[in-house]
Structures are given as structure tokens and as C-alpha cells.
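Peer 1: Okay, structure incoming, though there's no sequence with it:
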């Protein structure tokens, strides 16, 4: 193994040695990567909601409205991260069955999974999950409906901002709308392996 | 793969398939152009910046690769190096055997196609499943992907429905939604039963060691949520200097590949799950692969190593649109493949030396490339190399005779006059190659000498 490593490094150095001048790392302002529509977003919650809807996701501000929507989807049984139970309020407590531990043996039983988001990106309508906030990866993935609880102060404006806030979690995932494919004749189908509904519940804090 | 020149392959292709490829690639290209120009005032500025960052990384690859390795090791990731395809496959197998692992699920990764990992593992008794919908269908069909991003661009729904029926995934139904749901149901079991999830990486940040995976279907997340071990096989050219530059690449990649602003799932991974988390791999391996890349790095073709595998150059290429990906007889099709495949072939360069000729040099590929690779220049240099190494010229008529003719004024003048004869010559008595060429086309009326006589007369008038 060590031999292959040394050999590869030796080959790289030999390949680069004859180069007289090497390309320097360009200096650039991270704002060059910000898309036109994201350059001025005075209201991040509104911008995030709009972008999330553009990728066929949904945003809710009111837990009661979310609970009512779940009922229209006939989604009655779900997993919920115990840490966010309090934020959901009475509508969830009375009308829906919530489990606070996720059973790997019953992944298909859950209609929805409610997890904690580490943040969000307004520009793209992205929900950010990391292992610290969402240790149960399957709960945000296997049920048809995924609901992420997003504190409004954690909404980043744009992708460069979210990149600089990556932190040190070993596993971070950005989810931008429902899981989808266009492999069959370019026709868009949502809910391939992951959720068919990607929902953000925006809360104060 | 069958040795057949691109034009012959393309000519034999069914109309159905040609239509699938043409419509599919054109739709991708139009979406790309629309979203990029809607979102950025100067797309070229961003492309050139991305190209320069990648070029810089390649020209300092030793130090960046070392940095990434250090970061990953510090996070408890086991880092391996593989000189070639065989070593990489063996390395994966060794990890599986050490864990007693028998079942593997994988995400879509071009590098696994390049090293032919699945057939290797299956020969060694490992049950493997592709989980990207397109790749899954390719696997069921024992076919090959024909596009870097859209592996089944060449298939229509009827072919897929027939395959599903044959493989016991339900009765014939060609509704795309039904096809997708059936794959969802079938593969869900496979994720949960699998011992190992295998992926590639779109980028590796040297600064943090983070592997960045960009996908849409959620299959990659499943591969890294259910199984207990994660193996990533990554070409050494995937390095970028830092996290900060990822914002440039991520913004360009999805728009260039599928016309999305951002792909559905973007994962940043630099280690196994934490000890108290219930899901995710407890062990993570990264295998850095050379397989001819260092050789390319030392040549005038090194710019091709910037490639992000977005497929934009395929979608815009007039040759790809007619010929489809399989015509390129290699894992990487289209303009990028016409450069990369012969180079990565190493000693078998001559077998693929015809690929660089499968281009009109129209330059569209260079204009859409998110990392500004001068593909037409590289194609011309490769044609030159092919000629020098004695690659057969195939069906292309030799230009040697023309060169002689054009350098002797008397012969040239005579030929201009003689050419007129062809107009009056019945096809049956024309020389063989000319007759064959005219089988499907008509020669225009001979105009040889018209310019000279016009120029002569013009001189007299003045």
C-alpha cells in the first residue's frame, strides 16, 4: 500500500517537474458565484420559501397548518426527533401518532420523519442537515415526507455563506427539494429513493 | 467493446435510438444555457475562474493530495492508493473480505465504470447493486451507460418496461412513475441488507479533506445511511484547493449538467459517523486512483484532467447527438471522451486513436465547458500524435496525394482542367472510392479553376 502511495507521489512530482511556470491560485471574491436573483434578498425567510417552492418543496410557518396538511396527505404516523417535539405544539400531540425512536426494521411504516435542520440556504431553497442535528439519517430519508425544523436565524443567504459556515461536522448534507430523477426519457419524477415531499417548518430562534 | 468506427456505428443506429439521444441531449443543453445566462451576467468569467482554479490544483497536485490525505487520516478515515484499475478493484475486495462483507450497494460513479469494478466483485462472489435509477437499468440489461450524467439517454420507456418485466419487477408498464416506484421498492431492501456502500466523489477539498458528492435521487444518501462501511474510489484529479472554491464549482456543476441551480443532494463527508449516532458507516475508506492520470499530467494534454464530468460537451456536440455514447467504445464518451479515453488507454492508445477525429472542431464543447478546457485544441494535438504513432486512417482518404498535387503548380493546373471530366463521367466508370462515396451523395458540379480565371480577368480590367 505504501509503495503505491510513494509511487503515485513520485509520478506526480516527475510529471510536474518540467513545468517552467505554474498557474497561480486566482484570487476571487466569493460573490462572483452568487446568482443574480440572490444578490439582494432583504427577507431571507421569504426568499428561502420562494426558492424551496421553486424546487417543489414546501415551507410552513405554523405547526397547526402543517399538521392539517399532513392529514390531507393521510400521513398519520411519523418519527419525530425528541428535541423538536416542543416546537410542534398541540396539533401534533392530539391528532398524529409520533414516535421518538426510529426503527430500522420498520422504515416503510413511517409516513413522515421530522428532524432538526442545522440550517438552510435562502438562495437555493436548501435544507442543511448534519450528523449533530440529524443523527438518525434514515428518518430524513426513508419516509415519503421529510419535515425539517429550521430556526430562522440559521438561514444563510447564499451558497458561499453556507460553505463558510460548514463547520467541522464529518457528515453534512444539503437537501434541495424532493428526491428526483429524469432518467426515463427526461421526464421528471419525484420521490425516487428519498422523500417525495421535502418540507421546512420555519420556527423562531 | 466492439471495434467499429464511429460513423459506421452511427449509420447502423436505429431511428428510435437516434431520436432519443438527439432530443435528450438537446433538452439538457437548452436548460443549461437558459439557467446559466439567467443567473450570471458573465458566464465566461466564472468558467475561466473555475478552469484556472482546477489548473492550479493540478499543477500543485502533490501538495494538495498530501494535504487531503493528512486531513482524512486525522479524521480516522483509512486512505489507500491504487496505481491502476486492477489494484483499485483488489483494494475494494480486500476491505470487503476483511469485514466479511458480501453485499454492496453503490452510487453512480464513472470511475467504477472505468476500473470495471462490478464485474470484478461479482466474479469474487460479492452481490452488487447499482442504485442510481439509470445505472440500475443499465445493470439489469447488462448494457453500458451511454452518457456521463444520463446513463440511459439512449433508451426509451418501452425498452425499460420490457426489461423490468423480464427481470421479474412487475408486469409490463411503461409509465415512468411506475418504473421509478418499482425501483424504489426493490432497492430499498438492498440498501438495508447491504454491508458496504460504495461511492465516488465529485470533489475533494484539500483544506478539509471533505469529499463532495452531488446527486439527485437520494440513492447516495441511502448508500451512506444504511450500510456500516463506506468506500469511496476517487480519481486523484478530483482535488480542489479549499472549501471556499467549492461555491464556484457547485454553482457551475449542476447548471452545466442538468440545468438545475443546485442538485437535490450535496453531501460533504470527511469521516465515519460519530460513535453515538445510530445511522451511517462506522468505517470509511478512500481509495485514490491514478490509472493513467499521472501520465496525462506530464503531457500537453493535462488540461483534460480539469474535467468535472458534467456532460455539457456531450449534449452540445453534433457528433455525439448523431452517434450516441456507445459509439465511442469507451467509458467516457463525447468530446471529453475523445480526448480522455485514448489518453487513459495507455499502451492501447492506437486502438482509440480514431476518436479525436470524430469531431467537426466546431468548438461548441469548449464554449460550454464549465472549466474552460480547450477541447478542440487537445483533439487536434491528439490527431497529430495518432498520425506520428502510425494510427490507421480508417475510412478517411489520405491527404498525401492532395499535398503532392497542391505543391506542384503544373500538376495542379492540369488537375483543375481534368476535374471537369468527372461531371461527364458515368458513375459506372468512376474510380472505386469516388463511386462508393457517391452511393449516398451527389458530387456538386465541378467548379475547379473558376477562381483563377476570374482573378486573371479582374487583373486585365484594372
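Peer 2: Yes, it's here. Given the structure is predicted, the values throughout are model-derived calculations rather than measurements.
Peer 1: From now on I want contacts and neighbour counts done on CA atoms only, so please keep to that.
Peer 2: Noted.
Peer 1: For chain B, what's the nearest residue on chain A?
Peer 2: With CA to the nearest CA as the measure, the residue in chain A that lies nearest chain B is residue A:15; the distance is 3.9 Å.
Peer 1: where's that residue, which helix or strand?
Peer 2: Mapping residue A:15 onto the secondary structure by DSSP states H and E places it in helix A:2-16.
Peer 1: What of residue B:232?
Peer 2: Residue B:232 is located in strand B:229-235, with elements delineated by DSSP H and E.
Peer 1: per-residue confidence at residue B:396?
Peer 2: What the model reports as pLDDT for residue B:396 is 60.
Peer 1: show me where the stretch 251-400 of chain B has strands.
Peer 2: Across the stretch 251-400 of chain B, reading from the start of the chain, the strands by DSSP state E, counting those that start in this stretch fall at B:265-269, B:283-289.
Peer 1: hang on, I meant chain A
Peer 2: In order along the chain, chain A carries the following strands (DSSP state E): A:58-60, A:77-80, A:97-99, A:112-116, A:119-121, A:126-130, A:145-151, A:155-156, A:171-175, A:180-181, A:189-190, A:197-203.
Peer 1: In this structure residue A:76 contacts residue A:96, no?
Peer 2: Yes - contact criterion CA atoms under 8 Å: residue A:76 and residue A:96 qualify, at 5.1 Å.
Peer 1: And for residue 190, the neighbour number?
Peer 2: Just going to use chain A. Per other CA atoms under 10 Å in any protein chain shown, the neighbour tally for residue A:190 reads 22.
Peer 1: oops, I was thinking of chain B
Peer 2: Neighbour count of residue B:190, defined by other CA under 10 Å: 21.
Peer 1: Same question for residue B:174.
Peer 2: Residue B:174 is surrounded by 17 other residues when neighbours are defined as other CA under 10 Å.
Peer 1: Equivalent analysis for residue A:29, please.
Peer 2: With neighbours defined by other CA under 10 Å, the count for residue A:29 comes to 7.
Peer 1: Where does pLDDT dip in chain A?
Peer 2: Low-confidence regions of chain A, defined by pLDDT under 70, span residues A:1-2.
Peer 1: What of chain B?
Peer 2: With pLDDT under 70 as the threshold, chain B has low-confidence stretches at B:1-2, B:394-398, B:461-462.
Peer 1: Residue of it nearest chain A, please.
Peer 2: Taking CA to the nearest CA, chain B has residue B:298 as its residue nearest chain A, at 3.9 Å.
Peer 1: May I have the residues that are in contact with that residue?
Peer 2: Under the criterion of CA atoms under 8 Å, 6 or more residues apart in numbering or on different chains, the contact list for residue B:298 reads A:12, A:14, A:15, A:16.
Peer 1: Let me know which of the strands of the stretch 251-400 of chain B is tucked in deepest.
Peer 2: Comparing the strands of the stretch 251-400 of chain B by mean neighbour count (mean count of other CA atoms under 10 Å in any protein chain shown), strand B:265-269 ranks first with a mean of 25.
Peer 1: That strand - contacts with which helices or strands?
Peer 2: Contacts defined by 3 or more CA pairs under 8 Å, 6 or more residues apart in numbering or on different chains; DSSP states H and E place strand B:265-269 against strand A:171-175, strand B:211-215.
Peer 1: chain center to the last one: distance?
Peer 2: A distance of 17 Å separates the centroid of the chain from that of strand B:211-215, by CA atoms, centre = their mean, to the nearest Å.
Peer 1: how would you label the nearest residue to residue B:239 once chain neighbours are set aside: helix, strand or coil?
Peer 2: Using CA to CA, 6 or more residues apart in numbering or on different chains and skipping residues adjacent in sequence, the residue nearest residue B:239 is residue B:204, 4.7 Å away. Taking DSSP: H, G, I helix; E, B strand; the rest coil as the rule, one finds residue B:204 in the strand state.
Peer 1: separation between residue B:204 and residue B:67?
Peer 2: When distances are taken as CA to CA, to the nearest Å, residue B:204 and residue B:67 turn out to be 11 Å apart.
Peer 1: show me the contacts for the closest residue to residue B:293 other than its chain neighbours.
Peer 2: The shortest distance from residue B:293 to any residue that is not its chain neighbour, by CA to CA, 6+ apart, is 7.0 Å, and that residue is residue B:344. Taking CA under 8 Å, 6+ apart as the contact definition, residue B:344 lies against B:291, B:292, B:293, B:296.
Peer 1: Please repeat the previous calculation with a cut-off of 10 Å.
Peer 2: B:114, B:290, B:291, B:292, B:293, B:294, B:295, B:296, B:337, B:352 (CA atoms under 10 Å, 6 or more residues apart in numbering or on different chains).
Peer 1: Please apply the same query to residue A:185.
Peer 2: B:20, B:21, B:23, B:24, B:150, B:152, B:153, B:154, B:155, B:156, B:157, B:176.
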